[in-house]
Each structure stands twice: as structure tokens, then as C-alpha cells.
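Engineer: build me a model from this:
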Amino acid sequence: MGIFIHETAEVSPKAVIGDKSKVWNQAQIREHARIGTNCIIGKNVYIDHDVTIGSNVKIQNNTSICNGVTIEDDVFLGPSVIFTNDLFPRSHCTNWQIIETKIKKGASVGANATIICGITIGENAMVGAGSVVTKDISPHALVAGNPARQIGKVCRCGQRTDGDSIICKGCK
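Structural biologist: Numbers count the residues shown, from 1 in each chain. This next block holds a predicted model:
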């Protein structure tokens, strides 16, 4: 099938991993996680149970993806991206509910970004490194900061665009 799983990775036999995907050192993939074809799961990545990841997704080292997150095709997650799934975390509460988060096709999230649960990052959007995302991000938006705010737009290729255009000069 062409799946590579490093000998130090811990992958549940109840997880589904697509053809041509690679799972690197010390990654952990829990039960009922679904990972598409041609994905790269970097060193020390944690993928919680029931997470869905599309095809052609690249997840860099030390990223943590908790239950309630859905990642569509062609998404890039930089090193140490963190997702949350509880808006009011308390260790003593037993009745908390998972709040879903969606990362749409072609989006990119920079290194050390934190994604607060309950949001959607739109198609081909780009989140700057170190940002804290607390609300939905529009398709093709370029956001940065804490909290993340839109500072421009990006083309499908990832280059910044002029004004309200979603196509860069190079792609025209």
C-alpha cells in the first residue's frame, strides 16, 4: 500500500491511514482517526481519536490535533500548531462537550499558532506564525497576531495579493 510508519510511532490498529502517507518518529495516532492519502505526519505529532484528516496534508513536528478537529485536503500545519477542543477547561468537570473546528481545503497554519475551538479557517487562508485564532477566518484571508486579525489576502499559491483580489500577479 505504500504506507510508511516509523518504528517509534504509535498507531492504533483502529486508525485508518491512506496510501502513500508517512508517519514519522514518536507520532501517536489514536483509534478511529482517519488520515487520507499522501499525508506527512511529522515527528512527535499527536492525533486524537476520531480526528479526520484529508489527503495531501502536511503536519509538521510537535503539532497536537485534538478530538473535534476536521482537516480537509491540501492543508499545511507548521511546527507546534496546537488545537483546543474545550472553551471552559476544568479538570474536575465531567460534562464538557467537544467543540468542533474545521480547517478548509488549501489552508496553511504557521508555526506555533494556537487554534481555539469552534472556528472555521476558510479555503486557502493563511495563519501567520505565532497567531492565536479566536474566530472564523474567511477564505483567502491572511491573518496574524494575538488575537489573529486579517492583514491581507493570499492567492491559492500562497502569495499575498493586491487589495481584495484573491489571485496574485504571478498566477494571473
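Engineer: from now on I want contacts and neighbour counts done on CA atoms only, so please keep to that.
Structural biologist: Will do.
Engineer: how near is the residue nearest to T134 when sequence neighbours are not counted to T84?
Structural biologist: Residue nearest to T134 in three dimensions, not counting chain neighbours: I116, with 5.4 Å by CA to CA, 6 or more residues apart in numbering. With distances taken as CA to CA, to the nearest Å, I116 is found 5 Å from T84.
Engineer: cool, I151 as well?
Structural biologist: 24 Å.
Engineer: same drill for the two, tell me which one is more crowded.
Structural biologist: T84 (21 against 12; other CA atoms under 10 Å).
Engineer: correct me if wrong: that one contacts A113.
Structural biologist: No: using CA atoms under 8 Å, T84 makes no contact with A113, being 11.3 Å away.
Engineer: could you give the bridge partners of K22?
Structural biologist: With DSSP bridges as the criterion, K22 is bridged to F4, I40.
Engineer: tell me the pLDDT at it?
Structural biologist: pLDDT recorded at K22 is 98.
Engineer: and if you look at N56?
Structural biologist: You'll see N56 listed with a pLDDT of 98.
Engineer: wait, what's in contact with it?
Structural biologist: 36-40, 73-75 (CA atoms under 8 Å, 6 or more residues apart in numbering).
Engineer: again with A125
Structural biologist: Shown in contact with A125 (CA under 8 Å, 6+ apart): 106-108, 137-142, 153-154.
Engineer: how about low-confidence regions in the chain?
Structural biologist: Residue ranges of the chain with pLDDT under 70: 1.
Engineer: so which residues of it form helices?
Structural biologist: Using DSSP state H, no helices are found in the chain.
Engineer: center of it, which residue is that?
Structural biologist: Closest residue to the average C-alpha location of the chain: L77 at 4.9 Å, with CA atoms, centre = their mean.
Engineer: gap between it and I121?
Structural biologist: Counting by CA to CA, the gap from L77 to I121 is 12 Å.
Engineer: just E7 next, same as before
Structural biologist: E7 is 33 Å from I121, by CA to CA.
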